[in-house]
Each structure stands twice: as structure tokens, then as C-alpha cells.
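Engineer: sharing a model that was predicted from the sequence below.
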Amino acid sequence: MREHDALDKNPHVSRTALEALHSQLFGWALSRCGYDEATAEDLMQQAYVELLSGRARFDNKATLKTFVFGVVQNLARSRFRRQNTRLRVIDSYALEQVEFTEDDHGNENLRIVWEAVETLPQRQRDITELVFIRDMTIEEASAVMGVSLGTGRVHYDRAKKSLAEKLASLHPKESV
Amino acid sequence: MKNEMKEEDIRQSLKSAFDKAGSGEAPAFDRVWASAEAAHGRSQRRIRTMVSAAAAIALIAVTTGLWSLQQAEPGDDYLIAEALMNSTLWAAPSDSLMPEHQFDIYQEIPFLIESTRSQEGTLL
């Protein structure tokens, strides 16, 4: 059924549905560009243009969330393909941009967690974020990342194992 | 069960860390959407302008072509049967390789070298 505010060139996408995903999508866009808010906003605007123009066409086969996250992922990939060096620089500063004050014990823990995430290879970091933070299934996360389900499972298992080892000190009882 | 607990701990830790990392408020949806619509509109206008320009150029090219066809005199492409039947003009296709081609064999008889020597009553 076509919603009243469905897009002309994307009849299965409505403005209301996109508005509901907006915050989550912004979080994903942020992590795609080293937590630079202006770039993330630009990326989202570009994603919406792709949907408005029908260049990115949702065929209702997957969930809209998976599709829109995939659009942002692809846009970020093509935008930064020729700017890998710049992205690496942004990445290296991302941790510094996130202010974890060491005075506070809670923030110290967060800093340890964040460092553990930062040390993961890119794809493991992506699947970790999609599954743990954006509440996607491994299948959906794999679709967003453009990898097969099998590959997605491998990345997920390795990331989980690696994080469990690195975060063992934060949860000593469970890790024994 | 123990494994599920571990996973939940990881999830909680990560959620807190990611929340802290991406703590910046998402920009207002209406503002981003309005910018996207404006950008889309600009791109549509640009495409329309380019299509109009291409159509105009094509129209001019077709009009000019038709006009020049009308202006052109009927050339050798049209054969008039009567003139063709009365003509004694003939040219071999290979004549085009000669410096001066298309000569009238009835009007311009080429010089033929005749033999004057004979042998047993037959000209050589």
C-alpha cells in the first residue's frame, strides 16, 4: 500500500518512515566519516537526494532500514574511495574527538571499550556496530556491508571473540 | 546462558561507548530533508536545461539538413531514361584511375598502332 507521503520516484519509501530512521541513520553516517558531524549531515542529505531522485530505488524486498543504511554505506565508500588517506587521518583523530575524561571511572571504562572497538578491523567494527548498536540481525548487517551472510557471520564471531577478550577486565566475573 | 550474559555485557558496554562517541544530536530531519529536496530540485532543473538544449540543437540540425536538401539541385543521382538511351558516352569504372577519364569512343577514336608487316598474306 502506498503511503500518503510516499516519494514519487520511490513509492515504497515514505517521508514519515525516513523520519523515524533519521537518528539511527545519523549515528551510522557519523561512524562512516570519523564522527565528523558536518560530513555526516552532508552524507545523509546526499542519501535523501538519492532516494528522492529514484537513483537508489527501494523494492521492498529487504527492510527499509537495511536499505537506507546500505545507501549511506555506499555513498560513504564512493566518497572516501579517493580520500583514503584523509579518512585514515580522521580515523586516527576520532578517538581524540570523543572526550573520555580519565578522572571519571565510568568514562575510563567507556574509553577502554572504545579503544577495544577502535582496534578491530574495519569490517568487524562495522558489523559490531550494526548488530550491537543498530539492532540489526547478522543477515541485515551483511546486506548493508555488501558481504555474504557467511562472511558476515565470520566477521561477527571474530569481533565478538576479540571484544570479549579485550573487555574481560571490565566484567571479570562473567569472563572467568 | 553464560555466553548470552557475555554478549549482553558486550552489548551494554558498546552501547554506552557508541552513545558517548556519537553523542552529537542528529540534525533536524526537516532541515536535512529540505536541503535534500532543494538539491534534488536543482539537479532536476539542470537536467531539464540540458535536455532542452540538446533537443534545440537536434531540431536546428534537422531543420538545417532538410533546408539544405531542398536547396540542392537534382544531381547525377537521377537518371533520365531518354537521355540515357541516346547517350554514347560510356566510361569503364577503371577509367577513374586514368588521368583523363570518360572519353567518347565515337568522337575520340584512340590512335591504334597497326601492323604493316605480313606473313603468308596475314598481317602480323
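Structural biologist: Received the coordinates, thanks.
Engineer: make it CA atoms for all contacts and neighbour counts henceforth
Structural biologist: Will do.
Engineer: list the contacts for residue A:53?
Structural biologist: Residue A:53 makes contact with A:9, B:40, according to Cα atoms under 8 Å, 6 or more residues apart in numbering or on different chains.
Engineer: got the contact list for residue A:113?
Structural biologist: A:167, B:13, B:14, B:17.
Engineer: same check, this time on residue A:4
Structural biologist: residue A:14.
Engineer: okay, and it sits in which element?
Structural biologist: If you go by DSSP states H and E, residue A:4 is not part of any helix or strand.
Engineer: distance of it relative to chain B?
Structural biologist: 17 Å (Cα to the nearest Cα, to the nearest Å).
Engineer: what do you get for residue A:151?
Structural biologist: 20 Å.
Engineer: which of the contacts of residue A:113 fall in helices?
Structural biologist: Per DSSP state H, helices hold the following members of the contacts of residue A:113: B:13, B:14, B:17.
Engineer: helix/strand/coil for the residue lying closest to the last one once chain neighbours are set aside?
Structural biologist: Once flanking residues are discounted, residue B:17 sits nearest to residue A:110: 5.1 Å by Cα to Cα, 6 or more residues apart in numbering or on different chains. Under the three-state scheme (DSSP: H, G, I helix; E, B strand; the rest coil), residue A:110 adopts helix.
Engineer: residue A:110: how many residues sit nearby?
Structural biologist: 25 (other Cα atoms under 10 Å in any protein chain shown).
Engineer: would you check that it makes contact with residue B:19?
Structural biologist: No - counting by Cα atoms under 8 Å, residue A:110 sits too far from residue B:19 to count as a contact (9.9 Å).
Engineer: contact partners for the residue nearest to the spatial centre of chain A?
Structural biologist: Nearest to the geometric centre of chain A sits residue A:28, at 3.6 Å (Cα atoms, centre = their mean). Shown in contact with residue A:28 (Cα under 8 Å, 6+ apart): residue A:69.
Engineer: which element, helix or strand, includes it?
Structural biologist: helix A:15-32.
Engineer: identify each buried residue in that helix, please.
Structural biologist: A:15, A:18, A:21-32 (16 or more other Cα atoms under 10 Å in any protein chain shown).
Engineer: using JSON lines, lay out these together with pLDDT.
Structural biologist: Output for those, formatted as JSON lines (pLDDT from 0 to 100):
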{"residue": "A:15", "pLDDT": "93"}
{"residue": "A:18", "pLDDT": "94"}
{"residue": "A:21", "pLDDT": "94"}
{"residue": "A:22", "pLDDT": "94"}
{"residue": "A:23", "pLDDT": "91"}
{"residue": "A:24", "pLDDT": "91"}
{"residue": "A:25", "pLDDT": "93"}
{"residue": "A:26", "pLDDT": "93"}
{"residue": "A:27", "pLDDT": "90"}
{"residue": "A:28", "pLDDT": "92"}
{"residue": "A:29", "pLDDT": "92"}
{"residue": "A:30", "pLDDT": "90"}
{"residue": "A:31", "pLDDT": "88"}
{"residue": "A:32", "pLDDT": "89"}
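Engineer: who in chain A is up against chain B?
Structural biologist: A:19, A:22-23, A:26-27, A:30-31, A:35, A:37, A:41, A:44-46, A:48-49, A:52-53, A:98-99, A:110-111, A:113-114, A:132-133, A:160, A:163-164, A:167, A:171, A:174-175 (Cα under 8 Å from any Cα of the partner chain).
Engineer: give me the subset of these that lies in strands.
Structural biologist: With strands taken from DSSP state E, there is no overlap with those.
Engineer: out of the ones in helices among the contacts of residue A:113, who has the most neighbours?
Structural biologist: Neighbour max across the ones in helices among the contacts of residue A:113 (other Cα under 10 Å) = residue B:17, 24 neighbours.
Engineer: and of the ones in helices among the contacts of residue A:113, the nearest to chain A?
Structural biologist: residue B:17 (5.1 Å; Cα to the nearest Cα).
Engineer: contact partners for the closest one?
Structural biologist: So residue B:17 contacts A:110, A:111, A:113, A:114 (Cα under 8 Å, 6+ apart).
Engineer: cool, residue A:70 as well?
Structural biologist: A:143, A:144, A:145, A:146.
Engineer: so where's the chain uncertain?
Structural biologist: Just so you know, I chose chain A. Within chain A, the ranges that satisfy pLDDT under 70 run A:1-3, A:82-107, A:169-176.
Engineer: to clarify, I was referring to chain B.
Structural biologist: Checking chain B against pLDDT under 70 turns up B:1-6, B:22-24, B:73-78, B:96-110, B:112, B:124.
Engineer: which residues of it lie near chain A?
Structural biologist: B:2, B:5-7, B:9-11, B:13-18, B:20-22, B:24, B:26-27, B:29, B:32-33, B:35-37, B:39-40.
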